[in-house]
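Novice: next one to model:
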Amino acid sequence: MQLSRRDFLRSSPPTPAMSAPMATRLADLARDHPEWRPWLALLSVAQGTFGDPLWLRAVPDGPATVEPEPLPAPLLEGAVLMIDPDGADRFVRQIFDVAKSNGGSAAPLEAAAGDARLDALAILEAAIRQDGRGLNRWATSLAVEPSALRVVSAVVATPLLHACRGAWHDRLPHGWTQGYCPVCGAWPTLAEARGVEQSRHLRCGRCGGDWRGDGLGCPFCANADHAMLGSLVGDEPRESRKIETCGACGGYLKSIATLGATPADALTLVDLDTVELDIAALEHGYVRPEEPGYRVRARVVGASQ
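Specialist: Down below sits the predicted model:
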């Protein structure tokens, strides 16, 4: 049975800050892909808090001043994010509670949502840092599957990461040529071939970052040898979608043609709606890097009342 927009919105948790176009897109995906509905409900809760003062107040006035490193540092490097601990705790536990509806490995998150040992600030910090080892330790402590916690914690971090990108928009480094996001250090979720000129922009699904990168080279290993770079398309290719591949590192990146920039809060849905490209890339032996492009040393601490 397919879900109508009204059914999806009624059965999903409240999303007070979500725009009407985003709510419509979520409902359309839920209707077309009922199997995605639990995951979409999770995104609905997180995106419904975008712009909430809880996150906006946590972002410092400007990025931290850091010592020069071998690689250029994203804006989040060295940042101290001071957040209301009670508000963060309520949000993280709500996300965990909603995630249980996925069943399977996510079901134990229901118990974790009520576990007194759950430290929302620590989980937020590990998620923002993309600290897999730290999240694995929390998974052991809370008796949940590490993979489930990594997926859910990534959603947990998005409202705060989007708040950082929005607050620091005017401070983004000009001429950024690295493959990782200039805000949070993540690898790009996808590339956009934008406008009539098809100019290439890299986009971050975690924070909504938007940057040009380094030409047409591989963002993961910086390989620029065109003999080692390729693309995958289907038998009946959609001109707007393809897979960029690198023979040097075995990585891949989804690429879509757009007239303009995809709204930052829609990137996760575009990523989900192009999952057939991920499947095709994996079937051809290409993978995305397991480690982040730049592991930021950011801290999340409780704000004094």
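
Novice: list the buried residues in stretch 298-305.
Specialist: Neighbour counts over stretch 298-305 (16 or more other C-beta atoms under 10 Å) mark Ala298, Val300 as buried. Where C-beta positions appear, they are placed from N, C-alpha and C, glycine not excepted.

Novice: residues in contact with it: which ones?
Specialist: If you take C-beta atoms under 8 Å, 6 or more residues apart in numbering as the criterion, stretch 298-305 is touched by 57-58, 76-85, 88, 121-122, 124-125, 128-129, 160.

Novice: just the buried members of those?
Specialist: Buried among those (16+ other C-beta under 10 Å): 58, 76-79, 81-85, 88, 121-122, 124-125, 128-129, 160.

Novice: from these, which land in strands?
Specialist: Leu81, Met82, Ile83 (DSSP state E).

Novice: separation between the second one and Met22?
Specialist: So that's Met82. 28 Å (C-beta to C-beta, to the nearest Å).

Novice: swap in Pro289?
Specialist: 29 Å.

Novice: again, but for Gly230
Specialist: In terms of C-beta to C-beta, Gly230 sits 34 Å off from Met22.

Novice: between those two, which one's more packed in?
Specialist: Met22 (20 against 14; other C-beta atoms under 10 Å).

Novice: where does the chain dip in pLDDT?
Specialist: Residues of the chain meeting the criterion pLDDT under 70: 1-18, 67-68, 101-108, 110, 234-239, 305.

Novice: can you rerun that using 80?
Specialist: Low-confidence segments of the chain (pLDDT under 80): 1-25, 30, 35-36, 38-39, 64-69, 100-115, 213-216, 234-239, 304-305.

Novice: where do the helices sit along the stretch 51-200 of the chain?
Specialist: Applying DSSP state H, counting those that start in this stretch to the stretch 51-200 of the chain gives helices spanning 53-56, 85-99, 109-113, 120-129, 132-142, 146-167.

Novice: my read: Leu229 touches Ile243, true?
Specialist: No: between Leu229 and Ile243 there is no contact under C-beta atoms under 8 Å: 11.6 Å.

Novice: ok, those two, which is more surrounded?
Specialist: Each of Leu229 and Ile243 has its neighbours counted (other C-beta under 10 Å); Ile243 has more, 21 against 16.

Novice: ok, the more buried one - contacts?
Specialist: Per C-beta under 8 Å, 6+ apart, neighbours of Ile243: Ser231, Leu232, Val233, Tyr252, Leu253, Lys254, Ser255, Leu277, Ala280, Ala281, Tyr286.

Novice: for it, helix, strand, or coil?
Specialist: At Ile243, secondary structure determined by DSSP: H, G, I helix; E, B strand; the rest coil is strand.

Novice: where does the spatially closest residue to it that is not a sequence neighbour fall, phi/psi-wise?
Specialist: For Ile243, ignoring the flanking residues on the chain, the nearest one in space by C-beta to C-beta, 6 or more residues apart in numbering is Leu232 at 4.1 Å. Main-chain torsions, Leu232, degrees, to the nearest 10: phi -120, psi 130.

Novice: let me know how buried Leu232 is, in neighbour terms.
Specialist: Counted with other C-beta under 10 Å, Leu232 comes out at 16.

Novice: got a list of what it touches?
Specialist: Leu232 neighbours (C-beta under 8 Å, 6+ apart): Lys242, Ile243, Thr245, Tyr252, Leu277, Ala280, Ala281, His284, Tyr286.

Novice: how far away is the fifth one from Gly247?
Specialist: Using C-beta to C-beta, one gets 18 Å for the distance from Leu277 to Gly247.

Novice: please convert the helices of the stretch 51-200 of the chain to JSON lines, extending it with distance to Trp36.
Specialist: JSON lines is the format used below for those (distance: least, C-beta to C-beta, whole Å):
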{"stretch": "helix 53-56", "distance to Trp36": "25"}
{"stretch": "helix 85-99", "distance to Trp36": "14"}
{"stretch": "helix 109-113", "distance to Trp36": "18"}
{"stretch": "helix 120-129", "distance to Trp36": "22"}
{"stretch": "helix 132-142", "distance to Trp36": "23"}
{"stretch": "helix 146-167", "distance to Trp36": "13"}
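
Novice: count the neighbours of the closest residue to Ala88 other than its chain neighbours for me.
Specialist: With C-beta to C-beta, 6+ apart as the criterion, Ala88 has its nearest non-adjacent residue at 4.5 Å, and that residue is Ala120. By other C-beta under 10 Å, the residues close to Ala120 number 22.

Novice: list the contacts of Ala120.
Specialist: Pro85, Ala88, Asp89, Phe91, Val92, Arg93.
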